[in-house]
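# Generate a structure from the sequence data that follows.
(one chain, ligands or ions: 1)
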Amino acid sequence: MAVEQLSEEERDSWLRALPKWLSCRDGAAIERKFEFSDFSEAFSFMTRVAMIAETRDHHPEWFNVYNRVEITLTTHDAGGLSLRDVKMARKIDALLA
Ligand SMILES: C[C@H](O)[C@H](O)[C@H]1CNC2=NC(N)=NC(=O)C2=N1
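Coordinates of the predicted model:
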């Protein structure tokens, strides 16, 4: 599916509204690190993220060790950051609000 990459200006302006997400991979992705009280909390969060990912057909790159989860969002079909990543980041943030 063709998805538009965000321009630098669009990216900067969207990221201002997502202060917990950091730009990485030369602007092609965003990442956020999470820490939970234990593995059960971390994995429960990951399960909820996985359900959102399936619903949206947009999947995170992630890493988990015990109570830590690191999520990187990028749009493979666009070869960089797209609005799909921004929307996904918002959904993930809302899980913890
Ligand atoms: C065929 C399927 O719709 C695509 O491969 C979807 C699946 N999940 C995806 N996830 C992410 N992060 N980027 C994509 O481009 C993407 N594409």
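
# For this structure, what lies in contact range of the ligand?
Counting by CB under 6 Å from any ligand atom, the chain comes close to the ligand at 1, 57-59, 75-77. Every C-beta, even on glycine, is put in place using the N, C-alpha and C of the backbone.

# Just the buried ones among the residues you listed, please.
Using 16 or more other CB atoms under 10 Å as the burial test, those include 58, 75 as buried.

# Okay, and which of the residues of the chain next to the ligand map to helices?
In helices, judged by DSSP state H, none of the residues of the chain next to the ligand are found.

# quick one: which of the residues of the chain next to the ligand is nearest residue 49?
Closest approach between the residues of the chain next to the ligand and residue 49, by CB to CB: residue 59, at 9.5 Å.

# ok, now which ones touch that closest one?
By CB atoms under 8 Å, 6 or more residues apart in numbering, the contact list for residue 59 reads residue 53.

# can you do 10 Å?
49-50, 52-53, 73, 76, 88 (CB atoms under 10 Å, 6 or more residues apart in numbering).

# Using CSV, lay out these together with secondary structure.
Below are those laid out as CSV (DSSP: H, G, I helix; E, B strand; the rest coil):
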residue, secondary structure
49, helix
50, helix
52, helix
53, helix
73, strand
76, helix
88, helix
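
# from the residues you listed, which single one is nearest the ligand?
Nearest to the ligand out of the contacts of residue 59 is residue 76 (CB to the nearest ligand atom; 3.6 Å).

# Test my guess that the closest one contacts residue 5.
No: counting by CB atoms under 10 Å, residue 76 stays clear of residue 5, with 11.3 Å between them.

# Tell me the secondary structure of the nearest residue to residue 95 once chain neighbours are set aside, please.
Using CB to CB, 6 or more residues apart in numbering and skipping the chain neighbours, the partner closest in space to residue 95 is residue 48 (5.5 Å). Classification of residue 48 using three-state DSSP returns helix.
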